[in-house]
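Chemist: Could you look at this predicted model? Sequence included:
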Amino acid sequence: MTAVVSQTIKPLVSIRATRGWSALNFLEVWQFRDLMFTMAGRDLKLRYRQTALGAIWVVAQPLLGAGIFSFIFQIVAGLKSPNGIPFFVFMFAGLMAWGLFGSAVGRTNASIGNNSNLIAKVYFPRFVLPLSSLFSTLIDFTVSLAMMIVLLIIFNIHPGWGLLLLPVWIVLLLLMAMGIGLFAASLSIRYRDINILLPVFMQFLMYGSAVIVATSSIPEKYRFYYLLNPLVSIIEAFKWSLFGVGEIRWNYLIYGAITSVALFLIGCLTFKRMERGFADVI
Amino acid sequence: MSSELLSSIPSETAAPAIPAVHSGTSPRASELAVEIREISKSYHITHQGSRATSLTEVVMNRIRRPLGNSTGETFWALDDISFSIAKGEVVGIIGRNGAGKSTLLKILSRVTEPTTGQIDLYGRVGSLLEVGTGFHPDLTGRENIYLNGTILGMTRKEIDRQFDAIVDFSEIEKFLDTPVKRYSSGMYVRLAFAVAAHLNPEILIIDEVLAVGDLQFQKKCLGKIGDVSKNGRTVLFVSHNMGAVAQLCSRAVLLEKGKVKMSGETGTVIAEFLSAGASDSGTVDLAAHELRRGTGAVKFMKAAIRNAQGELCTAFQIGDDILIDFEFQCRESLRAVKLAAEMFTGDGMKIANMVDVDSHFAMSNPKQREKVTLRIKDIRLYPGSYLLGFWAGSVDSASTYDWVENCLQFEIVGGGMLASRELPRSSGLLFMTPQWHQHVAGE
């Protein structure tokens, strides 16, 4: 019959072994956006279901955190916040930036292990999992940001035009967090040690990242080494955008931005390289 | 039974140009749905105790043998598999545990990659390697429909459109807003299958999903899969249930140790699969039989099939008596053991489970070695080949001590005192001769 004509029909999908390094296919991730949103919705629904206070925790958690840190570092340790910003507000801003970063790293890393049953049974671009896990982080952050605005109004703090740059710092923090999270996730499927190491590493990183201590209170001779941590300049800039006072170090920020993008790319490439083996190792 | 259902599949799918494996002929390109070319998949097996799951182990292994890649061996789960499937075909993949069926399906559904080779898929694939993948116990039925649906590759819009049909099929309407952890297992499976059944891929891949759920729902599912294929969609179906394979599939592929052993018309392939381990000499030495399950408390050693005179025999006529004897060892001291003999048709349908208690026989305080004989009087089976298997277990059937399936084969041949005419196998299974009476009509 019409056999020969159709010899040129192309298969919809060709399955073969992939080799070496390759880029993530973001178009395919977009095609699976409904899955991403549904998974994000699942995470949100499950988080506070069967809790007595429900969504109140979203508000209470960061307030409690900032309260405890303020008590310890202001009242017990006697630290002072710079530039006349109330200590609690200063602490809240630092923890907000850290919360965004730390939660993105943690959730990205956990997104693969937590969904191992899906990975073993169904095909979809694996990158959907870390992306969908970001939604919870972003919702928490949005709530914190709303509370921050209330605090700024209560304490009569005027951020100034620097507030416009806030989204830039947020993006940089997320890129770096995703990079580290993806790298950790790629390895933790095979080596469970990562899941023990990562929280320890993050704890160290928090104390070394201008979350609690302002960079200005670091002795001059150590300051250069302190600023080698790319997070420091970004988190300082984050606070600068909110309070309109403080320091912004553009040269270190450029270094921070380049590091963020580089870590993100390394994370993506490692993830892509390792993801084909996920189902075999889980 | 199976022939009737087969004939309900449209003729163009029932009689496809069956490609002989490796022969190079394949269905016309315009009709190809799946083409599998030289697919192999290897796994690296590290020997027990040396499997590195922590970084320290990796580092230590590296220090101990700085040059060698690592210890262990390569295991080929699939070894050079090639076959193609035409559009609209329903193909069963059969084989023993570990033959590579699941690995093949995992590669086809892109869960894992092949080591070498290529598969071309001409159409959207929906795969169902498990019922209810991603179901979350704390979410409601409604929420799980959306979650499971998107996981299986549907968009929210498609689910919206199919939502009522899914709920209808699952019969759980009243519990739609109840968390699925409060569902009975039957409801859970029904809902899960309902979502999957409304996935509308051009190529549907199903792994052993019918092993769950009650009989009635299984029938409904089989019917749904049949409908899917009638709409011109291609189905790949893995199952241990030969009855289901025979019912649904126009063609079957038999895998053995990672290779295609046989591919062709379903009945032929199933017969080959089932009789592969069976002896047709009338007696079988079961001591070295590999294909068995059970705790090993009892071990079947020997089995034989004889005629009424006690001679080894494998061909019987309708109305004959059949003697089946078997010997077993008790390797633990048991107070009692329950025994059963199973009978299957050549294409895998179980037709009898002859349990000792049903014949008022019980084996208590078995000695180390026992021999039992069963006499089946007046066998009333249609001509064809049949298979026997043996089971031994605890009295409450909770544990299986030993179970060898399909180890003896026998034939019912035409003729005999009772058969006054030709009895084609396709026209029945049981030869029954009831008493017939004529009455005066209208009385």
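Modeler: Sure, I can see it.
Chemist: how much space is there between B:H240 and B:Q216?
Modeler: Here the distance between B:H240 and B:Q216 works out to 20 Å (C-beta to C-beta, to the nearest Å). The C-beta positions use only the backbone N, C-alpha and C, and glycine is treated the same way.
Chemist: who has more neighbours, these two?
Modeler: Applying other C-beta atoms under 10 Å in any protein chain shown to B:H240 and B:Q216 shows that B:H240 carries more neighbours, namely 15 against 9.
Chemist: Which residues are in contact with the closest residue to A:E28 other than its chain neighbours?
Modeler: Nearest in space to A:E28, with sequence neighbours left out and distances taken as C-beta to C-beta, 6 or more residues apart in numbering or on different chains, is A:P125 at 4.9 Å. A:P125 makes contact with A:L24, A:N25, A:E28, A:V29, A:F32, according to C-beta atoms under 8 Å, 6 or more residues apart in numbering or on different chains.
Chemist: Do you know the pLDDT at the last one?
Modeler: Right, the one you point to is A:F32. pLDDT, A:F32: 90.
Chemist: where does it fall, phi/psi-wise?
Modeler: Recorded main-chain torsions at A:F32 are phi -100, psi 30, according to degrees, to the nearest 10.
Chemist: Can you give me the distance of it to A:T137?
Modeler: From A:F32 across to A:T137, the span is 20 Å (C-beta to C-beta).
Chemist: ok but B:V284 is inside a strand, no?
Modeler: Yes. If the criterion is DSSP: H, G, I helix; E, B strand; the rest coil, then B:V284 is within a strand.
Chemist: Now do it against B:A303, distance only.
Modeler: Taking C-beta to C-beta as the criterion, B:V284 is separated from B:A303 by 5 Å.
Chemist: Over to B:H360?
Modeler: 22 Å.
Chemist: So for those two, which sits in the more crowded spot?
Modeler: Counted by other C-beta under 10 Å, B:H360 and B:A303 do not tie: B:A303 has more neighbours, with 25 against 6.
Chemist: neighbouring contacts of stretch B:360-376?
Modeler: B:298, B:301, B:321-330, B:334-339, B:341, B:354, B:356.
Chemist: let's see 6 Å
Modeler: For stretch B:360-376, the external contacting residues (C-beta atoms under 6 Å, 6 or more residues apart in numbering or on different chains) are B:I322, B:L323, B:I324, B:D325, B:F326, B:E327, B:F328, B:Q329, B:C330, B:A336, B:V337, B:L339.
Chemist: what does the stretch 101-250 of chain A have sitting close to chain B?
Modeler: Contact residues of the stretch 101-250 of chain A with respect to chain B, defined by C-beta under 6 Å from any C-beta of the partner chain, are listed as A:L118, A:K121, A:V122, A:Y123, A:Y191, A:D193.
Chemist: In ChimeraX, how would I select the buried members of those?
Modeler: Filtering these down to the buried ones (16 or more other C-beta atoms under 10 Å in any protein chain shown) takes a single ChimeraX command:
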select /A:118,121,122,123,191,193
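Chemist: Just the closest of the residues of the stretch 101-250 of chain A next to chain B to chain B, please.
Modeler: Proximity of those to chain B (C-beta to the nearest C-beta) peaks at A:Y123, which lies at 3.7 Å.
Chemist: For the closest one, which residues are in contact?
Modeler: Contact analysis of A:Y123 by C-beta under 6 Å, 6+ apart lists B:S109, B:R110, B:V111.
Chemist: So for the closest residue to chain A within the stretch 301-443 of chain B, what's the nearest residue that isn't a sequence neighbour?
Modeler: With C-beta to the nearest C-beta as the measure, the residue in the stretch 301-443 of chain B that lies nearest chain A is B:G348; the distance is 27.0 Å. Nearest residue to B:G348 in three dimensions, chain neighbours excluded: B:M242, at 2.6 Å (C-beta to C-beta, 6+ apart).
Chemist: ditto for B:L388
Modeler: Counting by C-beta to C-beta, 6+ apart, B:L408 is the residue found nearest to B:L388 once chain neighbours are left out, at 4.3 Å.
Chemist: show me where the chain has helices.
Modeler: Picked chain A for this. If you assign secondary structure with DSSP state H, the helices in chain A sit at A:26-31, A:33-48, A:56-70, A:87-114, A:116-121, A:128-154, A:166-188, A:193-207, A:220-227, A:230-243, A:250-281.
Chemist: meant chain B, my bad for not saying
Modeler: Counting by DSSP H, the helices of chain B are B:2-7, B:11-14, B:55-64, B:101-108, B:141-151, B:156-170, B:185-197, B:215-230, B:242-248, B:266-275.
Chemist: Is it possible to get the ones you listed out as a markdown table so that each row also shows distance to B:G258 and mean pLDDT?
Modeler: Shown next, in a markdown table, are the helices of chain B (distance: least, C-beta to C-beta, whole Å; pLDDT from 0 to 100):
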| stretch | distance to B:G258 | mean pLDDT |
| --- | --- | --- |
| helix B:2-7 | 28 | 37 |
| helix B:11-14 | 28 | 36 |
| helix B:55-64 | 28 | 69 |
| helix B:101-108 | 8 | 90 |
| helix B:141-151 | 29 | 92 |
| helix B:156-170 | 36 | 92 |
| helix B:185-197 | 28 | 84 |
| helix B:215-230 | 26 | 76 |
| helix B:242-248 | 20 | 78 |
| helix B:266-275 | 16 | 83 |
